[in-house]
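# Mind folding the following:
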Amino acid sequence: MTKRFVGVTAITLALSMVAQNIMFAVTGAPGYGDPIDTVIAWHEQNRAVVAIAVAQEAVHVPLLLGVLAGLHGIIGRRGGAGADWSRLAMLAGATVAAILALYSVTWIGAVLVAAESADARALFSMLWQLHAAAFALSLPALGVTMIAVALATHRSGLSRPWQRLLTLTGGVPLLAVGAFSLDIAAGSPMLLVGLPGLAVWIVWLLVTGVRMLRAGGADGSVRASTGTGGR
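Below you'll find the predicted structure:
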């Protein structure tokens, strides 16, 4: 894969995530700690929003894996500096993809149940909690992905030192959130601790994507970077 391909893929993923969150904000999407009746009412009125969001997640998975696989290939052609971190990023990214599948499936189930009679309220509540737990579990996996890919691109000279520091700062809270998955599924606001990490991930994708586009075409076999990340 060329740097241009990786750049376009990274920017597309970042912009889709931004658009998704704007859509949630505009429609007043409920939080996991909101009263269940409020959550059900929102889902009854916003099935189209959920359909769009789930479709986006279906696109986010190949985009994420494409970015990670593309960077892994480029790193290999540059001499392999950072290859171990890149492999870890790919494994963690695959884990994120698997959890997002569960996240989406439980959300689809929840929105379908919301359209049923009031007797389905208990089932909706269970699916909504599973949906919350899946999202909480995806965050530490994303944190590992962020940190590993940032270290890999830094060591291979594909990103600047400040990008590594940024992802370390954003990745640590994401890792911490995983310890509170049960509480988050029960409606705890601890999820807010990890949300800045998502913003950091979007920024990293945009910056890295722009750098890849500027670098242009295929990255052939070149001498490995010394790890300063200054190019």
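# residue closest to the middle of the protein?
Centroid-nearest residue in the chain: residue 142, 5.8 Å away (criterion: C-alpha atoms, centre = their mean).
# got a list of what that residue touches?
Contacts for residue 142 (C-beta atoms under 8 Å, 6 or more residues apart in numbering) come out as 92, 96, 174, 197, 198, 201. For the C-beta atoms, the positions are set from N, CA and C on the backbone; glycine is no exception.
# again, 7 Å this time
Applying C-beta atoms under 7 Å, 6 or more residues apart in numbering, we find residue 142 in contact with 96, 174, 201.
# Does it lie in a helix or a strand, and which?
According to DSSP states H and E, residue 142 maps onto helix 121-155.
# Give the residue spans of the protein that score low on pLDDT.
For the chain, residues meeting the criterion pLDDT under 70 lie at 117-119, 216-231.
# can you pull out the helices in it?
Ranges of helices within the chain are 3-27, 36-45, 47-77, 83-114, 121-155, 161-177, 181-185, 191-215, based on DSSP state H.
# Need the winner for burial among those helices.
Per-stretch averages of neighbours, counted by mean count of other C-beta atoms under 10 Å, single out helix 121-155 among the helices of the chain, with a mean of 22.
# and that one with helix 47-77, angle?
Interaxial angle, helix 121-155 versus helix 47-77 (axes from the mean of the first three to the mean of the last three C-alpha atoms, to 10 degrees): 20 degrees.
# Would you mind getting the angle between helix 121-155 and helix 83-114?
Between helix 121-155 and helix 83-114, the angle comes out at 160 degrees (the same axes, to 10 degrees).
# quick one, what contacts the closest residue to residue 43 other than its chain neighbours?
Counting by C-beta to C-beta, 6 or more residues apart in numbering, residue 43 lies nearest to residue 114, which is 3.9 Å off, once chain neighbours are set aside. Contact analysis of residue 114 by C-beta under 7 Å, 6+ apart lists 40, 43, 44, 124.
# do that again at 10 Å, thanks
Residue 114 sits next to 39-47, 50, 120-121, 123-124, 127-128 when contact means C-beta atoms under 10 Å, 6 or more residues apart in numbering.
# What is the nearest of those to residue 6?
Set against residue 6, the nearest of the contacts of residue 114 by C-beta to C-beta is residue 50 (30.3 Å).
# ok, the closest one to residue 75 distance?
As judged by C-beta to C-beta, to the nearest Å, residue 50 and residue 75 stand 37 Å apart.
# what does residue 196 give?
According to C-beta to C-beta, residue 196 and residue 75 sit 27 Å apart.
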